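Asks: This is the structure alone, sequence omitted:
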């Protein structure tokens, strides 16, 4: 499996505090069946501002340690960027890293509001050739309570990835319900672990796969948890539409 969003580099943000802690989350992910992790770090939220040099140094150390232990795990670079009015300016200045070699940028909305400038800033980023991957949009109060916002985001070809904790009910019933509704509407196209540690926010996607299979069926779950992450890493577009209108033809598109 591919985990599109997890904090697995030590000492950068609210992920693992030590490299011993980092090793533990890598091994947990591998044991659960994950083979690729988009190793995000907070670039500009209220508590952490990770510089690209520090990020690349931590990523290089992590990759070296993983290779030394022969773990079947690949780490893909990326930064989780908090939405702000100067987001496009920061990206153009080289402060924020997209996912690997793709043009997908991980953007986090503030939890409690949907600023008036949100759509304008996201549009500016698309003008720079970026594709936007919204990180856990179900946890944004504005998106949860104003369904028209999801529709507007989809018209801009912006897609979201939910957190495992959201769909499993760990952030409360309102967030859980919103995550499932946004999957059904088509804004949320995949689920990532949003892992931070072994115990509190683990890197385990298998419970998500089991839950999605019960709700949407195995074919739809494979699309969300296998095909969509692969398309994103390749930098390719993902079709956005309500789940009930999507079917087998997407697998043909994904395999071209």
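Replies: Sure thing, it's come through. What you see is a predicted model; the values in this text were computed from it and never measured.
Asks: Please make it C-alpha for all contacts and neighbour counts, starting now.
Replies: Noted.
Asks: just the helices in the chain please.
Replies: Taking DSSP state H as the criterion, the chain contains helices spanning 19-31, 52-68, 87-92, 118-127, 141-145, 147-155, 164-167, 173-185, 206-216, 218-222, 228-233, 249-255.
Asks: The residue nearest to residue 133 when sequence neighbours are not counted and residue 4, how far apart?
Replies: If you skip the residues right next to it in sequence, residue 133 has residue 106 as its closest partner in space, 4.9 Å away by Cα to Cα, 6 or more residues apart in numbering. From residue 106 over to residue 4 the distance is 10 Å, taken as Cα to Cα, to the nearest Å.
Asks: Settle it for me: which of the two has more neighbours?
Replies: Counting neighbours by other Cα atoms under 10 Å for residue 106 and for residue 4 shows that residue 4 has the greater number, 30 against 26.
Asks: mean pLDDT lowest for which of the helices of the chain?
Replies: Taking each of the helices of the chain in turn, the lowest mean pLDDT turns up on helix 249-255, with a mean of 38.
Asks: shouldn't residue 171 be in contact with residue 163?
Replies: No: in this structure, residue 171 is not within contact of residue 163 by Cα atoms under 8 Å, at 9.6 Å.
Asks: Compare the two (neighbour count), which wins?
Replies: The residue with more neighbours, out of residue 171 and residue 163 and counting by other Cα under 10 Å, is residue 163; that gives 28 against 14.
Asks: For the more buried one, give me the pLDDT.
Replies: Per-residue confidence for residue 163 comes out at a pLDDT of 98.
Asks: Would you mind listing the residues in contact with it?
Replies: Shown here is residue 163, whose contacts under the criterion Cα atoms under 8 Å, 6 or more residues apart in numbering are 135, 136, 191, 192, 193, 194.
Asks: Just put these in TSV and tack on neighbour count.
Replies: Putting those into TSV (neighbours: other Cα atoms under 10 Å) gives the following:
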residue	neighbour count
135	27
136	25
191	31
192	25
193	26
194	29
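Asks: Return the closest of these with respect to residue 214.
Replies: Sorting those by how near they are to residue 214, with Cα to Cα, puts residue 191 at the top with 15.0 Å.
Asks: What pLDDT is listed against that closest one?
Replies: 98.
Asks: before we move on, what about residue 49?
Replies: Residue 49 is assigned a predicted lDDT (pLDDT) of 87.
Asks: Check the gap between it and residue 7 for me.
Replies: Separation of residue 49 from residue 7 (Cα to Cα): 14 Å.
Asks: Distance check, the spatially most distant residue from the centre of the chain against residue 62.
Replies: Outermost residue of the chain with respect to the C-alpha centroid, by Cα atoms, centre = their mean, is residue 68; its distance is 27.2 Å. In this structure, residue 68 lies at 10 Å from residue 62, with Cα to Cα as the measure.
Asks: next one: residue 215
Replies: When Cα to Cα is applied, the distance between residue 215 and residue 62 equals 36 Å.
Asks: neighbour-wise, which of those two wins?
Replies: Residue environment comparison for residue 215 versus residue 62 gives the larger neighbour count to residue 62, 21 against 12, counting by other Cα under 10 Å.
Asks: List the contacts of that one.
Replies: Counted by Cα under 8 Å, 6+ apart, residue 62 has contacts residue 9.
Asks: Hmm, residue 15 and residue 196 touching each other?
Replies: Yes: here residue 196 reaches residue 15: they are 4.4 Å apart, a contact under Cα under 8 Å.
Asks: Give the residues shared as contacts by these two.
Replies: Each of 7, 8 lies in contact with both residue 196 and residue 15 under the rule Cα under 8 Å, 6+ apart.
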